[in-house]
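**Q** Any chance you can model this:
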Amino acid sequence: MRMLKKRLFNMKKFDFEDLEICPEIKTFKVFQVSKMPDLFLEVEFKYPKTPAWKGCIPILEKYQGLDKTQLPKEDVVEYVKNCYNDLDPRNSKTWNADEDLYWSGRSKADMAKLLFDVLNGETQYHQTNWMCRQCTDTSSVNSQAASRIRALKQTHGYHIATKDFKCEFVENIQRMIC
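**A** Numbering: from 1, shown residues only. Next comes the predicted model:
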């Protein structure tokens, strides 16, 4: 584990970064989630009749036991293609029905569900997007959002990437103040 941590903090370049796999799939940089060993690969997926989705997919996650960092480039490219298919917005009705069924069987006292609902927002094209921490009011449902996010990952098995992201509105306000 010591070697893994050292390598993560040095953030070597992976051979599956900055690729155009096909016109619909591009990969960009790998980033590490703050205070975690988790690594995510930034991607851009283009689907028919929707704007390009700019998000990320997990390549190393502590709680899920996922590690794609040691695989050959070809295997990671295949994984990225599978993620592209799995994340197709045309599947959103099925995903949401599955999640409704999953959460209906959980305890009413499960505070993670409230946070899940806040984080599970989607656009008119049934795509999720990065959410600005200042604009996403997680405190309205839970004052300990970081703890609940950890519960969504550990207990409920969700893949959640967090990074410092500010929306255009917040960026504009900060520029006006400075």
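**Q** where are the low-confidence patches of this protein?
**A** 1-11, 108-109, 122-142, 163-167, 169-176, 178 (pLDDT under 70).
**Q** all strands for this protein, in order.
**A** Taking DSSP state E as the test, the strands found in the chain are 20-22, 25-32, 39-45, 53-61, 66-67.
**Q** buried set for the fourth one?
**A** Counting neighbours by 16 or more other C-beta atoms under 10 Å, one finds that the buried residues in strand 53-61 are Trp53, Gly55, Cys56, Ile57, Pro58, Ile59, Leu60, Glu61. (Glycine included, C-beta is placed from N, CA and C.)
**Q** Surely the fifth one is in contact with His159?
**A** Yes - A contact is recorded between Pro58 and His159 when judged using C-beta atoms under 8 Å, the distance being 4.8 Å.
**Q** Quickly list what's touching both of these two.
**A** By C-beta atoms under 8 Å, 6 or more residues apart in numbering, Pro58 and His159 have these common neighbours: Gln64.
**Q** ok, how many other residues are close to the nearest residue to Lys62 once chain neighbours are set aside?
**A** Nearest residue to Lys62, sequence neighbours excluded (C-beta to C-beta, 6 or more residues apart in numbering): Pro37, at 5.4 Å. Look at Pro37: counted by other C-beta atoms under 10 Å, it has 16 neighbours.
**Q** how near is Pro37 to Cys56?
**A** To Cys56, Pro37 is 15 Å away according to C-beta to C-beta, to the nearest Å.
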